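**Q** With the sequence up front, the predicted model follows.
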Amino acid sequence: MPTLAPVDVDGFVVRAGFLKDVPFFALGDGSLCFAEGGERRVQPHKNGLLAAEKMLDEKGLVTSGDDGLIQKIDSDGTITTLAERPRKWIDLLACGPNGAVAFASGRTAWVRLDDGKENEFAHERAVGGLAFAPKGLKLAVARYDGATIWWANAGGAPQELSWKGAHLGISFSPDGKYLVTAMQENALHGWRLSDSQDMRMTGYPAKVKSWSWSQKGRYLATSGANAAICWPFFGKTGPMGQNPLQLGTRGDNIVSVVACHPKEDVVAVGYLDGMIMMCRFEDNAEVLLRRLGKAPVSSMSWDDAGDRLVFGSEDGEAGIISLR
């Protein structure tokens, strides 16, 4: 049976996760809480923390805030400033290969390479999302009326992908064949990168604010409905012509966060009322991981082994769920 160990973080949980197997909670008040043998706090931002992303090599957690700072926090709590944009809100971050970090404010995105060099990428409209490709140092930028893919460490013309409307979050499929954006309207849009074929994924009653690729990238699980909507990305046409799976359906609540298991075809599903369930793709078998809470689940993440799930909510409820 799953067991839940509560963690008292006392603040909006922007991101919950694991850094070198140590649970962390990045909080909206600018602090970072490590939960290992007690709770240990550091303060990378004086006021507000807006985004947090784990480096791919797990050498640190990168955070940004309303102070214009991009900070790296090691697992021992050491804070290093990677970049600074005074008087700018930095609420978009992405971590890429070889220590690359992307961040954005307004119409401009930057990529900081591991040697400290920065490359700037300007756009005609505000940047809505950032994502690194799974192979090669390519940066995808969601923008108004589409997306742009840049070579992050070199010059050259970018690849432009067009679709009318405001595009916000953005993600590559794990095999690099597809690019998907969350739109201002209640929909996703995607492109098959080999030929720029468009893909529309609609029918959501609310905006998609959370998504997660299943192991091997067969499904993209998403929030924004009264079930986790899981689009199939196997086959030559991706989700086109295929119906999505609907996992963890509840008639009276909306899914706020999804987190796919790193090794099994299951997904953790968090809801606006604080409940968390685990659902299996094959047959929609369900396991209750957490009963109702006081506020919407705001972030969830598995450890690398898939034995523990860490979660946080909008009012500071947080915890670690162990499956073994």
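**A** Here it is on my side, so go on. Residues are numbered from 1 along each chain as shown.
**Q** Now do R291 against A166, distance only.
**A** Computed with C-beta to C-beta, to the nearest Å, the distance linking R291 and A166 is 37 Å. From N, CA and C alone the C-beta is placed, and that goes for glycine too.
**Q** swap that for Q242, sorry
**A** For Q242, the distance to A166 - C-beta to C-beta - is 26 Å.
**Q** Please pull up the helix or strand immediately following the helix or strand encompassing L288.
**A** Using DSSP states H and E, L288 maps to strand 286-290. As assigned by DSSP H and E, the chain's next helix or strand after strand 286-290 is strand 297-302.
**Q** Okay, now the sheet partners of the next helix or strand after that next one, with direction.
**A** Counting by DSSP H and E, the next helix or strand C-terminal to strand 297-302 is strand 308-313. Strand 308-313 has these partner strands in its sheet, going by DSSP bridges: strand 297-302 (antiparallel), strand 317-322 (antiparallel).
**Q** So which of these is the most surrounded?
**A** Ranked by mean neighbour count, those are led by strand 297-302 with a mean of 25 (mean count of other C-beta atoms under 10 Å).
**Q** contact partners of that strand?
**A** The contact list for strand 297-302, computed with C-beta atoms under 8 Å, 6 or more residues apart in numbering, reads 12-18, 256-262, 268, 270-272, 274-276, 308-314.
**Q** That one versus strand 286-290: what angle between them?
**A** 110 degrees (axes from the mean of the first three to the mean of the last three C-alpha atoms, to 10 degrees).
**Q** So what's the gap between strand 297-302 and the chain middle?
**A** 10 Å (C-alpha atoms, centre = their mean, to the nearest Å).
**Q** please renumber so the chain begins at 29
**A** Will do, 29 is the new start, and the previous item becomes strand 325-330.
**Q** which stretches of the stretch 179-328 of the chain form strands?
**A** Counting by DSSP state E, counting those that start in this stretch, the stretch 179-328 of the chain has strands at residues 187-200, 206-211, 216-220, 225-229, 239-241, 247-250, 256-260, 273-275, 283-288, 294-299, 304-308, 314-318, 325-330.
**Q** okay, those in a markdown table with distance to L89 and mean pLDDT next?
**A** Converted to a markdown table, the strands of the stretch 179-328 of the chain look like this (distance: least, C-beta to C-beta, whole Å; pLDDT from 0 to 100):
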| stretch | distance to L89 | mean pLDDT |
| --- | --- | --- |
| strand 187-200 | 19 | 96 |
| strand 206-211 | 23 | 97 |
| strand 216-220 | 27 | 96 |
| strand 225-229 | 31 | 94 |
| strand 239-241 | 19 | 98 |
| strand 247-250 | 23 | 98 |
| strand 256-260 | 26 | 97 |
| strand 273-275 | 29 | 97 |
| strand 283-288 | 17 | 98 |
| strand 294-299 | 21 | 98 |
| strand 304-308 | 23 | 98 |
| strand 314-318 | 24 | 97 |
| strand 325-330 | 12 | 98 |
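**Q** JSON lines please, covering those and showing distance to G134.
**A** Putting the strands of the stretch 179-328 of the chain into JSON lines (distance: least, C-beta to C-beta, whole Å) gives the following:
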{"stretch": "strand 187-200", "distance to G134": "15"}
{"stretch": "strand 206-211", "distance to G134": "19"}
{"stretch": "strand 216-220", "distance to G134": "23"}
{"stretch": "strand 225-229", "distance to G134": "27"}
{"stretch": "strand 239-241", "distance to G134": "24"}
{"stretch": "strand 247-250", "distance to G134": "27"}
{"stretch": "strand 256-260", "distance to G134": "31"}
{"stretch": "strand 273-275", "distance to G134": "37"}
{"stretch": "strand 283-288", "distance to G134": "27"}
{"stretch": "strand 294-299", "distance to G134": "31"}
{"stretch": "strand 304-308", "distance to G134": "36"}
{"stretch": "strand 314-318", "distance to G134": "38"}
{"stretch": "strand 325-330", "distance to G134": "25"}
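**Q** more neighbours, Q270 and A194?
**A** A194 (16 against 13; other C-beta atoms under 10 Å).
**Q** you'd agree the more buried one is up against A210?
**A** No: when contacts are counted by C-beta atoms under 8 Å, A194 is not listed as touching A210 (9.9 Å).
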